[in-house]
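A.B. asks: This is a predicted model, with the sequence first.
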Amino acid sequence: MTPKGSSLPFQVALRRWLDSPLGERSPWTLLALPVLAFVSFVVALVAAVRRARDDAARARDDARRAHENAGKRSFEDVVSSRRGPLVVCVGNIVMGGAGKSPVAQALLADLLAQGRTVALVARGYGAETKGVRAERADGVLKGDSWGDELKEHVWLLERAQGHEALSRCYVVQGASRARGLVALETRLQGDGFTPDEVRRVVVVLDDGLQHFGVRPHVRICVWPEEIYRRAPRAAFPLGPYREGFGALLGGGFGAFLRRFDVHVWSRVAPQETRAEKRAFAGRVRTEAGLQGAEAGLQGAEAGLQGAPAVRPLHLVAVARSEWLFPRALAAPACRSLLANEPIEAPDPQESVAHLDSALVSGRVGILCGLSSPDAFVRDVKHALAHLPVPLSAAGVAALSAVPTRFLPDHGVLGSEDEAWLSQFAVVVTSAKDASRETFPFDVQPGGEAGARSKGRLRELACNGHLWVLCVKVHFEDTQENPWQPARLLLDA
């Protein structure tokens, strides 16, 4: 159901339709079912042929690496024999909205915290300039020539690790991942990296499981639980999947998932208990034919002691909402959105009181331009209802009627969107939308910045009335479900 006051782009409506069970779709779907099924079969067939070719090429690469690494057991030995940086792909098998960005963010943050040099490679949606470029991350937030996902990642990494950590982070933008990796190595060499130091760099591909021009050393498949539970397990346009399963791949869904090194069950609700999370993970493993998860994890533990690691690993990414703004709910030493300097946090009571008053008077709006907007709206309402400083009963009741404005994924604000925003005293949005619509720093409110709008959202951010919600993830740290980046890298 579309929230009151919302605008529903075709892309959002299509995604809702793809994610819905066949039994809940309109009657005309039954009439079109033969055509949809045929097109879905063709898409699945093409994807299966491309995947089979990649499997064969990866088997040859694995055999070569096994021969080169024969007798080598330590991480240092394996690194010394690898050609180029370690490449980790964080992708999905659905049409976006799987929650891969928070998983990539968690991996990047962990690696930076360990003192490693990392590089993030992304397509660059929404960038003002095209082509392939590789730069250090500390300049990304100062211009419009970088894509939405790169701005979001760099902003969150700076907030989590500090500005100094960005000197060990590179960003690569371009439609061709292969050309991007070449540009990265050229840049690293230009910055004085030795061949051994280049090999120690960890490259994270944001999306790319279906881009076969690059063969990552580690492939992480992010898979949302809600889509698994509800949507038809079929390729587009019958279902939301990018690839098909079953007889085309020989062995069905479980065999298909075992092609990837790590499976991350994403978007697990934060209010679920530990028992519910583990029960869901067990059910998914059984239904998908992945009952051997525990043995695989024990093998990975052995890999850290010197024996070859066993894959795939199966992890559950538990969603956790975190307010980046308003500044009142951020850490006192956080960096301002609009000035690259530390700021003091205002009184949380004052900000929540202003939000509460705006909710009761109907002057709060939600702006969302993501692949899974409905999930984000649910996250926002749950997070607002559980603030550290609680809302009044009237404010909580008003959450159900908050107007929502949907944009296409990576969509920018137009004049109609600006007019819609102008009626609200508080706007809640995502980290991706905020980074797209408020950066770069050197553009004043209402100023010109190419095709970007820096109007109402920027003004709200200056006044502390832009609330930005970031959905982060954490991984269960148990014997059955551990998360250590070293486990992903050892046997690559």
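C.D. replies: Everything's here; your move. Residues are numbered from 1 along each chain as shown.
A.B. asks: rest of the way, CA atoms for contacts and neighbours
C.D. replies: OK.
A.B. asks: I figured residue 183 hits residue 133, correct?
C.D. replies: Yes. With the criterion set as CA atoms under 8 Å, residue 183 and residue 133 qualify as a contacting pair; they are 6.6 Å apart.
A.B. asks: between the two, what contacts are shared?
C.D. replies: Common neighbours of residue 183 and residue 133 (criterion: CA atoms under 8 Å, 6 or more residues apart in numbering): residue 172.
A.B. asks: Look at residue 192 and say how many residues are nearby.
C.D. replies: 10 (other CA atoms under 10 Å).
A.B. asks: And residue 255, by the same measure?
C.D. replies: Should you count by other CA under 10 Å, residue 255 turns out to have 16 residues around it.
A.B. asks: mind giving me the domain ranges of this structure?
C.D. replies: 15-318+476-489, 327-464 (automatic domain parsing).
A.B. asks: Quick one: closest of those to residue 9.
C.D. replies: For the domains of the chain, proximity to residue 9 was assessed by CA to CA; domain 327-464 is nearest, at 6.1 Å.
A.B. asks: Assumed residue 222 was part of a strand.
C.D. replies: Yes. Judged by DSSP: H, G, I helix; E, B strand; the rest coil, residue 222 forms part of a strand.
A.B. asks: isn't it right next to residue 89, touching?
C.D. replies: No. Using CA under 8 Å as the test, residue 222 is too far from residue 89 to be in contact (10.3 Å).
A.B. asks: residues of stretch 411-421 that come out buried?
C.D. replies: Neighbour-count burial for stretch 411-421, counted by 16 or more other CA atoms under 10 Å, picks out 411-413, 417, 420-421.
A.B. asks: For these, could you give me CSV that also reports secondary structure and distance to residue 263?
C.D. replies: Shown next, in CSV, are the buried residues of stretch 411-421 (DSSP: H, G, I helix; E, B strand; the rest coil; distance: CA to CA, whole Å):
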residue, secondary structure, distance to residue 263
411, coil, 29
412, coil, 32
413, coil, 35
417, helix, 38
420, helix, 40
421, helix, 39
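A.B. asks: how deep is the residue nearest to residue 320 when sequence neighbours are not counted tucked in, by neighbour count?
C.D. replies: Distances taken as CA to CA, 6 or more residues apart in numbering put residue 472 closest to residue 320, at 5.1 Å, once the chain neighbours are dropped. Close neighbours of residue 472, defined as other CA under 10 Å, add up to 18.
A.B. asks: Equivalent analysis for the one 3 residues further on, please.
C.D. replies: Using other CA under 10 Å, the number of residues around residue 475 comes to 18.
A.B. asks: Can you tell me, leaving aside adjacent residues, what's nearest to it?
C.D. replies: residue 317 (5.1 Å).
A.B. asks: Next, count neighbours for that neighbour.
C.D. replies: Residue 317: 28 neighbours (other CA under 10 Å).
A.B. asks: continuing past the helix or strand hosting it, what's the next helix or strand?
C.D. replies: Taking DSSP states H and E as the definition, one finds residue 317 inside strand 313-325. Where DSSP H and E defines the elements, the next helix or strand beyond strand 313-325 is helix 348-360.
A.B. asks: and that next one, what does it pack onto?
C.D. replies: Packed against helix 348-360 by the contact rule (3 or more CA pairs under 8 Å, 6 or more residues apart in numbering; DSSP states H and E) you find helix 393-398.
A.B. asks: how distant is the helix or strand just after the helix it packs on from the center of its chain?
C.D. replies: Downstream of helix 393-398, the next assigned helix or strand under DSSP H and E is strand 404-406. The chain centroid and the centroid of strand 404-406 are separated by 20 Å under CA atoms, centre = their mean, to the nearest Å.
A.B. asks: Run me through the strand neighbours of strand 404-406, direction for each.
C.D. replies: strand 364-368 (parallel) (DSSP bridges).
A.B. asks: Give me the contact list for the partner strand.
C.D. replies: 355, 358, 376-377, 402-407, 421, 424-430, 433.
A.B. asks: circling back to that earlier point, contact partners for the residue nearest to residue 320?
C.D. replies: Shown in contact with residue 472 (CA under 8 Å, 6+ apart): 102-103, 106, 319-322.
A.B. asks: circling back: tell me which of residue 222 and residue 89 has more neighbours.
C.D. replies: Taking neighbours as other CA under 10 Å, residue 222 and residue 89 compare with residue 222 leading, 28 against 23.
A.B. asks: all helices of the stretch 351-492 of the chain, in order?
C.D. replies: For the stretch 351-492 of the chain, the helices defined by DSSP state H, counting those that start in this stretch occupy 373-384, 393-398, 415-421, 431-438, 456-463, 485-489.
A.B. asks: Which members of the contacts of residue 472 define the maximum pairwise distance?
C.D. replies: Checking those with CA to CA, the most distant pair is 103 and 322, at 14.7 Å.
A.B. asks: more neighbours, those two?
C.D. replies: More crowded of residue 103 and residue 322, by other CA under 10 Å: residue 103, with 24 against 16.
A.B. asks: From residue 394, how far off is the more buried one?
C.D. replies: 36 Å (CA to CA, to the nearest Å).
A.B. asks: tell me, what residue is most central in the protein?
C.D. replies: By CA atoms, centre = their mean, the chain has its centre lying nearest to residue 101, at 1.3 Å.
A.B. asks: close enough to count as contact, that residue and residue 206?
C.D. replies: Yes. The criterion here is CA under 8 Å, and residue 101 meets it with residue 206 at 7.1 Å.
A.B. asks: shaky segments in the stretch 101-250 of the chain?
C.D. replies: Where the stretch 101-250 of the chain drops to pLDDT under 70, the residues are 126-129, 141-144, 246-250.
A.B. asks: for it, what spans make up the helices?
C.D. replies: 148-161, 177-190, 195-199, 225-230.
A.B. asks: Identify, out of these, the most deeply packed stretch.
C.D. replies: Among the helices of the stretch 101-250 of the chain, ranked by average contacts under mean count of other CA atoms under 10 Å, first place goes to helix 148-161 (a mean of 22).
A.B. asks: if we can go back for a sec, what's the ChimeraX line that selects buried ones from the contacts of strand 364-368?
C.D. replies: To isolate in ChimeraX the members of the contacts of strand 364-368 that are buried, counting by 16+ other CA under 10 Å, one can use:
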select :355,358,376,377,402,403,404,405,406,407,421,424,425,426,427,428,429,430,433
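A.B. asks: Fine by me, thanks again.
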